[in-house]
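In: here is my input; please provide its structure:
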Amino acid sequence: MARILIYAMNYSPEVAGVARYTGEIALYFVAMGHKVCVLTTVPHYPGWNVLPPYRNGRYYRETRASVSVVRCPLALRERIGGIWRLIAPLSFAVTSAPLALWLALRHRPDTVLCIEPTLMVAPMAVIAARLVGAKTVLHVQDLEVDASFAVGHLAKRAWLMRLAEGLERAILRRFDRLITISAGMAERLAAKGVPSDRIAVVRNWVDLDFIKPLEGVSPYREELGLNEGDRIVLYSGNIGAKQGLGDLIAAASDLTRRADIKFVIAGEGPAKKELVERAARLPNVRFLPFQPYARLSDFLGLADVHVLPQAADAADLVLPSKLGGMLASGRRIVVTAAPGTELATFLDGAAIIVPPGDAATLARAIERAADAPFNEGAAGRRRRLAEQLSKPDGLRNFKALAVRWGPIPAALAAPGAGTAEVLEPPRDAAG
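Out: Okay, here's the model as predicted:
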């Protein structure tokens with residue numbers, strides 16, 4: 001039995017993005033007989049508001065499904081952006097630091113697993129691990145420093161970029177192992193000075209037993225009062241700067257000439273209020289909150305077309321976690337991704353791919369996908385890609401890397417450190 005301390009800003013009951021994967025990792029470790037303690041914040045993401053019954057300004061200790069959880073307060077505000085996107089994680093690093101040391105000394109973990117974002121807790125994670133002789137693992141879900149400059153959270157001043165990148169390099173090299181979610185991100189980590197033989201790739205997974213193509217009509221169609229002939233374009237996920245959702249609103253404006261094409265945008269995030277204001281006069285756009293995870297398969301099955309927009313500057317900084325659910329639903333997908341990016345290569349032949357930042361082309365691609373007849377070849381490719389992201393395989397691979405300490409298996413190695421996993425790129429166009 002291994003003892004594992006997980007140090008993460010986002011955790012259950014948050015259901016979006018990184019929190020869901022971290023929660024599933026913790027539960028899997030427990031199911032495999034390991035003892036797990038989680039040091040995290042009060043639940044707040046993606047709306048950046050503390051979820052009831054929790055209150056900010058307090059510490060909590062609880063047990064969730066046999067996982068010991070300690071929660072810390074953090075600095076929040078209603079409209080979080082710019083420098084506040086750094087203040088919030090920095091405040092967590094401060095409020096959690098004494099507890100990281102205390103939990104390490106009390107539980108004597110064999111592994112300290114730190115989750116990025118946020119990298120700001122990583123120095124304390126390394127210190128706590130060194131105190132008790134634990135191995136250190138960094139799960140890189142987001143290249144936080146690169147993304148902060150790319151989407152404007154930090155001004156692109158040369159001295160500031162050099163300082164941030166220098167600190168990042170120093171921190172990354174202190175970890176015994178880094179697990180990231182794409183080959184492109186692994187290459188960027190290696191370029192930051194991390195030895196390639198310390199980097200592994202485990203893509204974010206999807207539960208194929210839970211999310212699957214619907215055999216009939218989604219119950220959401222009737223609940224939302226949609227007509228039988230309506231073509232539903234669905235975005236479900238975080239609503240922030242990296243998602244490039246402004247282009248989607250512009251595409252929806254272009255497509256008001258098509259009364260049958262309706263846009264449903266579901267989720268929360270710091271950019272939602274502005275998007276709602278921009279779309280206020282568009283009769284074909286509807287905003288919803290995040291839907292219950294228990295109904296996610298039905299909700300994803302509402303789509304005739306899934307859309308996965310991204311800001312141009314965020315290419316290859318993250319492989320969107322929502323992609324697995326889109327593929328598992330079996331529906332058509334339209335993606336904004338530049339040629340040569342990992343997302344474009346991965347989805348070649350399984351989705352319609354258009355350049356980011358071009359709303360007019362995005363509108364034409366959505367219209368094409370909405371009108372296209374069923375294409376068994378593209379549907380088959382989506383199924384095969386979804387199978388490569390299966391949850392049992394992902395969790396087994398993650399455990400092998402975070403709990404066992406032999407060489408990284410060739411199939412999980414970073415490019416340049418051996419034979420990395422190769423996902424065969426489909427060649428046909430999506431339909």
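In: low-confidence regions, the chain specifically.
Out: For the chain, applying pLDDT under 70 flags the ranges 79, 81-82, 150-155, 313-318, 416-431.
In: need the phi and psi values for the residue sitting furthest away from the middle of the chain.
Out: Relative to the centre of the chain, and counting by C-alpha atoms, centre = their mean, the farthest-placed residue is Arg257 at 33.6 Å. Backbone geometry at Arg257, expressed as degrees, to the nearest 10, gives phi -70, psi -20.
In: next one: Arg177
Out: With angles defined as degrees, to the nearest 10, Arg177 sits at phi -150, psi 140.
In: what sits closest to it if chain neighbours are left out?
Out: Residue nearest to Arg177 in three dimensions, not counting chain neighbours: Val137, with 4.9 Å by C-beta to C-beta, 6 or more residues apart in numbering. Any C-beta I mention is one placed from the backbone N, CA and C, and that applies to glycine too.
In: wasn't the one you found part of a strand?
Out: Yes: assessed with DSSP: H, G, I helix; E, B strand; the rest coil, Val137 lies in a strand.
In: just the strands in the stretch 151-300 of the chain please.
Out: Here the stretch 151-300 of the chain has its strands, by DSSP state E, counting those that start in this stretch, at 177-180, 199-201, 231-236, 261-266, 285-288.
In: picking up where we left off before, what count of nearby residues applies to the residue nearest to Arg177?
Out: A count of neighbours around Val137, defined by other C-beta atoms under 10 Å, yields 26.
In: and the residue farthest from the centre of the chain, how far is that from Glu215?
Out: Look at Arg257 and Glu215: by C-beta to C-beta, to the nearest Å, they are 33 Å apart.
In: Pro89 too?
Out: 43 Å.
In: who has more neighbours out of the two?
Out: Comparing Pro89 with Glu215 by other C-beta under 10 Å, the one with more neighbours is Pro89, at 20 against 6.
In: what is the host helix or strand of the more buried one packed up against?
Out: Pro89 belongs to helix 84-107 when assigned by DSSP states H and E. Judged by 3 or more C-beta pairs under 8 Å, 6 or more residues apart in numbering; DSSP states H and E, the packing partners of helix 84-107 are strand 3-7, strand 35-41, strand 67-72, helix 122-132.
In: what angle do the first one and helix 84-107 make?
Out: An angle of 160 degrees separates the directions of strand 3-7 and helix 84-107 when computed by axes from the mean of the first three to the mean of the last three C-alpha atoms, to 10 degrees.
In: run through who's touching strand 3-7.
Out: The contact list for strand 3-7, computed with C-beta atoms under 8 Å, 6 or more residues apart in numbering, reads 22, 25-26, 29, 34-40, 96, 100, 103-104, 107-115, 121, 124-125, 128, 134, 402-403.
In: try it again at 6 Å.
Out: For strand 3-7, the external contacting residues (C-beta atoms under 6 Å, 6 or more residues apart in numbering) are 26, 29, 34-39, 103, 107, 109-114, 121, 125.
In: relative to helix 122-132, how tilted is that strand?
Out: 160 degrees.
In: what's the first helix or strand after strand 3-7?
Out: Once strand 3-7 ends, the next helix or strand along the chain (criterion: DSSP H and E) is helix 18-31.
In: got the CA positions of that following helix in PDB?
Out: Taking Å, rounded to 0.1, in the frame of the first residue of the first chain, the C-alpha atoms of helix 18-31 are listed here in PDB:
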ATOM      1  CA  VAL A  18      -8.900  19.500 -14.000                       C
ATOM      2  CA  ALA A  19     -11.000  18.900 -10.800                       C
ATOM      3  CA  ARG A  20     -12.800  15.900 -12.300                       C
ATOM      4  CA  TYR A  21      -9.600  14.100 -13.400                       C
ATOM      5  CA  THR A  22      -7.900  14.800 -10.000                       C
ATOM      6  CA  GLY A  23     -11.000  13.400  -8.200                       C
ATOM      7  CA  GLU A  24     -11.000  10.300 -10.400                       C
ATOM      8  CA  ILE A  25      -7.300   9.700  -9.800                       C
ATOM      9  CA  ALA A  26      -7.800   9.900  -6.000                       C
ATOM     10  CA  LEU A  27     -10.700   7.500  -6.100                       C
ATOM     11  CA  TYR A  28      -8.800   5.100  -8.300                       C
ATOM     12  CA  PHE A  29      -5.800   5.100  -6.000                       C
ATOM     13  CA  VAL A  30      -8.100   4.400  -3.000                       C
ATOM     14  CA  ALA A  31      -9.900   1.600  -4.900                       C
END
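In: pull out the buried positions in it.
Out: Residues 18-30 are the ones in helix 18-31 that count as buried (16 or more other C-beta atoms under 10 Å).
In: just these now: which is nearest Trp159?
Out: Val18 (30.0 Å; C-beta to C-beta).
In: list the contacts of the closest one.
Out: So Val18 contacts Asn10, Gln141 (C-beta under 6 Å, 6+ apart).
In: how about 7 Å then?
Out: Contacts for Val18 (C-beta atoms under 7 Å, 6 or more residues apart in numbering) come out as Asn10, Ile115, Pro117, Gln141.
In: mind putting those in TSV, distance to Ala344 included?
Out: Below are these laid out as TSV (distance: C-beta to C-beta, whole Å):
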residue	distance to Ala344
Asn10	28
Ile115	27
Pro117	24
Gln141	20
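In: next up, identify which helix or strand Pro43 is on.
Out: Assigning secondary structure by DSSP H and E places Pro43 outside every helix and strand.
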